[in-house]
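Chemist: coords below, sequence missing:
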């Protein structure tokens, strides 16, 4: 019994072999994902709190201690095959894992913590605001990634939000911007709805996340819902500056016309795009007797006739939308390797504090 406890709470660094060749070392109590990020190994990830499953990997050998129950996010088949969540697994022994989507040529910006000041507060819809933060120095990130925000002395537990403007714009202005949707009961998201936050000091830590534009020539299908517009807008704005020559179909799911925002910005983006760019809002709860002439229903209803099968898909938004869209895409022969997504989680989707 003593030996079992000693192994369980071992203080030794552990070796992690990835895909048979890459090797990292975990510090005592450190998760696989934390160790990988610290050592500049691009393990797939987004939320880092066990809610999105982007960091899932197969445990080939060795033992881990899981910090949270993974059965609610991994399927029974994945559990039987030995899959674990890298963000929630601390090695108890030296281990070997298989990572399906280990990328070696992506962005590798240094994670920094910078103290800034909220200088802008702009209401976009009844429950989404844009927050602009001035920084004393630029923060480099890949458009599509996110940062963790803290309000020192007010809200010290970090909340994750995606960058809402192209990285090149943020670099020029030494500022960052975020779209923050009010989550019922969310301490940070509720606090940020009031424009009295202007002038408040804020800690910005990042960049984090595995959502960014990959090099390719295939057409792009973009799908967003709610504040999930932020990383896609940022990503596409950056692509314009790089003269990316790929057709784009952009589906944006909202409830009513009142929930549509940044439409003018997206129209400017479409006009600047060097090839075809089709922006299609889809409304799920728009009154029948309104003047809306566009698509109605769920965002998945607008996919089938617009997909040929060779698209690279980029999606951001709430988990139900992401899951439903992936299911719809699978029926159209879109493979998992063609899909990149960022699930926007709140406390109902993860055990960690959320926005």
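Modeler: That came in fine, so what should we check first? The structure displayed is predicted, hence computed values, not measured ones.

Chemist: helix/strand/coil for residue 268?
Modeler: helix (DSSP: H, G, I helix; E, B strand; the rest coil).

Chemist: Likewise for residue 87?
Modeler: Relying on three-state DSSP, one would call residue 87 helix.

Chemist: tell me, how many neighbours does it end up with?
Modeler: By other Cβ atoms under 10 Å, the residues close to residue 87 number 27. No exception for glycine: its C-beta is placed from N, CA and C like everyone else's.

Chemist: Can you show me the helices along the stretch 201-350 of the chain?
Modeler: 229-241, 263-272, 319-330 (DSSP state H, counting those that start in this stretch).

Chemist: Between those, which one is closest to residue 193.
Modeler: helix 229-241 (16.0 Å; Cβ to Cβ).

Chemist: Just send the helices of the stretch 201-350 of the chain back as TSV, with distance to residue 81 and mean neighbour count too.
Modeler: TSV is the format used below for the helices of the stretch 201-350 of the chain (distance: least, Cβ to Cβ, whole Å; neighbours: other Cβ atoms under 10 Å):
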stretch	distance to residue 81	mean neighbour count
helix 229-241	31	24
helix 263-272	41	14
helix 319-330	19	18
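
Chemist: will you turn the ones you listed into JSON lines that also has distance to residue 254 and mean pLDDT?
Modeler: Shown next, in JSON lines, are the helices of the stretch 201-350 of the chain (distance: least, Cβ to Cβ, whole Å; pLDDT from 0 to 100):
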{"stretch": "helix 229-241", "distance to residue 254": "9", "mean pLDDT": "95"}
{"stretch": "helix 263-272", "distance to residue 254": "10", "mean pLDDT": "95"}
{"stretch": "helix 319-330", "distance to residue 254": "11", "mean pLDDT": "92"}
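
Chemist: closest to residue 292 out of those helices?
Modeler: Of all the helices of the stretch 201-350 of the chain, helix 263-272 sits nearest to residue 292, with 13.1 Å by Cβ to Cβ.

Chemist: Could you check the angle that closest one makes with helix 229-241?
Modeler: Orientation check (axes from the mean of the first three to the mean of the last three Cα atoms, to 10 degrees): helix 263-272 against helix 229-241 gives 30 degrees.
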